[in-house]
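Chemist: Compute the structure for the input listed below.
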Amino acid sequence: MRNVRIISTCSVAGTDITVGNSDEDHIRRIISIVGTQKISYTLNEKHKSFQADDRTDLPRDLFRQYTQAILWKRKIDPFVEPRLDRLLAEFRANEFVLIGATAEGAVVATALGLLARRNNVTVVIDAVGTHDKAAAEYALRMTEAKGAKLIRASEVLGNSSLRQVMACDCDRCRKRLHASIRLNTE
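Modeler: Numbers count the residues shown, from 1 in each chain. Reported below is the predicted structural model:
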């Protein structure tokens, strides 16, 4: 709606990433491996996937044809894959909003990589997952100290958008959330 372009990453660490006959065959093979699928609601209708390899090739005018580029990566740090730097150079954006998982892993690695490349970085702290709360808090503080801005989703979307999905902090949404959790556990 707001002409926002999305760069997503998906980890394929520990999988066999032998190149097949074509990029599409390769992506199909990776996606079929249990545990490496992108969650369907994280995919835009017009997306293009790029395998985890040492190539830097990209289609010309990628974001005129697609609204989302998905870069498969072999390490937590997405900048290990050379396509990301190429994509950022051609994309010519200097402001990035990060969401995802995990704060102490890929989110901090991505934020620090973007900051090192002199980009503006905002991390939406309540849209970032974690496995270790203490490590995540440390990683986010370190990211902020390096220059990233930390915000809450309501600062980006406003409470009315969050109310539609029962995700804001108002009493009404919290009661609905607790009621739905009770129903799902019974």
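Chemist: This protein: strands as residue ranges?
Modeler: Counting by DSSP state E, one finds strands in the chain at the ranges 6-11, 47-50, 68-73, 95-100, 120-128, 149-151.
Chemist: Have a look at this structure and report the helix or strand with the lowest mean pLDDT.
Modeler: helix 23-32 (a mean of 53; mean pLDDT, DSSP states H and E).
Chemist: residue ranges with poor pLDDT in the protein?
Modeler: Along the chain, the parts satisfying pLDDT under 70 run over 1-2, 13-37, 157-186.
Chemist: care to break it down by domain?
Modeler: Split into domains by automatic domain parsing, the chain comes to 1-93, 94-151, 160-186.
Chemist: before we move on, back to that, so which of the strands of the chain is the most surrounded?
Modeler: Most buried of the strands of the chain, by mean neighbour count (mean count of other Cβ atoms under 10 Å): strand 68-73, with a mean of 21. (C-beta placed from N, C-alpha, C; glycine too.)
Chemist: strands paired with that strand, and their directions?
Modeler: strand 6-11 (parallel), strand 47-50 (parallel) (DSSP bridges).
Chemist: mind checking which of these is nearest T56?
Modeler: strand 47-50 (10.1 Å; Cβ to Cβ).
Chemist: Let me have the strands of the chain in TSV, extended by distance to L88.
Modeler: Compiled in TSV, the strands of the chain are given as follows (distance: least, Cβ to Cβ, whole Å):
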stretch	distance to L88
strand 6-11	8
strand 47-50	13
strand 68-73	11
strand 95-100	9
strand 120-128	12
strand 149-151	19
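Chemist: out of those strands, nearest to R60?
Modeler: Of all these, strand 47-50 comes closest under Cβ to Cβ, at 12.3 Å.
Chemist: quick one, what contacts the closest residue to M142 other than its chain neighbours?
Modeler: Spatial nearest neighbour of M142, excluding adjacent residues (Cβ to Cβ, 6 or more residues apart in numbering): V108 at 7.0 Å. Taking Cβ atoms under 8 Å, 6 or more residues apart in numbering, we find V108 in contact with A139, L140, M142, T143.
Chemist: how about a cut-off of 7 Å?
Modeler: A139, M142, T143 (Cβ atoms under 7 Å, 6 or more residues apart in numbering).
Chemist: so which of the residues you listed is the most crowded?
Modeler: Neighbour counts for the contacts of V108 (other Cβ atoms under 10 Å) peak at T143, which has 25 neighbours.
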